[in-house]
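> What would the 3D arrangement of this be:
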Amino acid sequence: MKMDLLLIPMSARWADMRAGALAAEDAGFDGLWTWDHLRDPDDAEGPGVPEAWTVLTALAEVTRRVMLGPLVLNVANRHPGVLANMAATLQTISGGRLLLGLGAGGSRRTPYAKEQAAIGERVEGDAVRAQRVVDAIALMRTLWAGGAGFLRPAPPPPIIVGGFGPRMAAIAGRHGDGFNTQAFHPQLGDLVRIARDAHAASGREASRFVTTVFAGLEERWLRSDSRARQMLERVGVDRLVLLVNPPFDPGEIRRLGRLRTT
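Okay, the predicted model is just below:
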């Protein structure tokens, strides 16, 4: 199982994110992620949030080995045609290290609805937002296939669809290359099965489907003999993404990297 870190961007500074990323790569972690949010829902007067794609592009230049990805991009924030070219560009800059997390965005019931309203975006119902993910994937794959003069990534980055229910798990399987959800989701096994079954039914290569989960950074996740880790391995999780709060202490990240080898 791959072990990644997610640098939480709320109130983070770029210099700290850069230092944390370099420490994570040096410590042997396999990937780096960040969230696609524009403000801190818990701190309206805070300093703001570094934008996910800009951060990932900068990290692609300062790192050499780790995979890079957003967990996950809200399809409402960027036109999928523009995103297709953005992803192709970042795949080139990073040397093929992009994992393209994509999702429907928060619903009206989440604190992130205010974020969307602040930038003039209407938060639609669950079915509409889910269909936007399907449509975005279809358009990106069409543009990546060439024929219209658009930049073609080589290879195309895996599209990992985030979600917390059967609808998004099935969309991930039918249209994506992976599925992301919470490590402690009460229906984790069922959701992974739905996603993998839908992927197999799509006729695409089942062995390439990637299951990722995220969890808070706790030392038990780092130990291969822990019950928590063994539970994820039984379900078939490929990548575990651990959330790290700013200011991302490089010394602590290196210590955790050493711990995961024991």
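> From residue 162, how far off is the residue nearest the centre of the chain?
In the chain, the centroid-proximal residue (CA atoms, centre = their mean) is residue 71; its distance is 2.4 Å. Distance, residue 71 to residue 162, using CB to CB, to the nearest Å: 7 Å. Just so you know, the C-beta spots here come from the backbone N, C-alpha and C atoms, and that holds for glycine as well.
> Grab the longest helix from this structure for me.
The longest helix of the chain (DSSP state H) is helix 126-144.
> model confidence over it, on average?
Mean pLDDT, computed over helix 126-144, is 97.
> related to what we said a few turns ago, who's in contact with the residue nearest to the centre of the chain?
Neighbour list for residue 71: 6, 33-36, 101, 162, 180, 212, 214, 241 [criterion: CB atoms under 8 Å, 6 or more residues apart in numbering].
> buried ones in stretch 251-262?
For stretch 251-262, a neighbour-count test (16 or more other CB atoms under 10 Å) marks 253-254, 256-257, 260 as buried.
> May I see those residues arranged in TSV, with pLDDT and distance to residue 189 as well?
TSV is the format used below for the buried residues of stretch 251-262 (pLDDT from 0 to 100; distance: CB to CB, whole Å):
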residue	pLDDT	distance to residue 189
253	97	31
254	96	34
256	94	27
257	93	29
260	83	24
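> And those, which is closest to residue 226?
Checking these against residue 226 with CB to CB, the nearest one is residue 260 at 11.0 Å.
> so where does residue 81 fall, helix or strand?
Here residue 81, judged by DSSP states H and E, is contained in helix 80-94.
> That helix packs against which elements?
Packing partners of helix 80-94 (3 or more CB pairs under 8 Å, 6 or more residues apart in numbering; DSSP states H and E): helix 52-62, helix 126-144.
> got the contact list for whichever helix or strand comes after the shortest one?
I take that to be helix 52-62. Following helix 52-62 in sequence order, the next helix or strand is strand 67-70 (DSSP H and E). By CB under 8 Å, 6+ apart, the list of residues contacting strand 67-70 from outside reads 2, 4, 30-36, 52-53, 56, 59-60, 90, 94, 97-101, 160.
> Show me which of those are buried.
Of those, these count as buried by 16+ other CB under 10 Å: 4, 30-36, 52-53, 56, 59-60, 90, 94, 97-101, 160.
> how far away is the closest residue to residue 256 other than its chain neighbours from residue 198?
Residue nearest to residue 256 in three dimensions, not counting chain neighbours: residue 222, with 6.2 Å by CB to CB, 6 or more residues apart in numbering. Using CB to CB, we find residue 222 at a distance of 31 Å from residue 198.
> cool, and residue 112?
Distance from residue 112 to residue 198, by CB to CB: 27 Å.
> what's the answer for residue 29, then?
Distance from residue 29 to residue 198, by CB to CB: 30 Å.
> out of those two, which sits in the more crowded spot?
Of the pair residue 29 and residue 198, residue 29 is the one with more neighbours under other CB atoms under 10 Å, namely 23 against 20.
> for the more buried one, what are its contacts?
Contacts of residue 29 (CB under 8 Å, 6+ apart): 3-5, 66, 253, 257, 260.
> now, which of the residues you listed sits nearest residue 170?
Out of these, the member with the shortest distance to residue 170 (by CB to CB) is residue 4, at 24.5 Å.
> for the closest residue to the closest one other than its chain neighbours, which residues make a bridge with it?
Once flanking residues are discounted, residue 4 sits nearest to residue 31: 3.5 Å by CB to CB, 6+ apart. For residue 31, the beta-bridge partners are residue 4, residue 67 (DSSP bridges).
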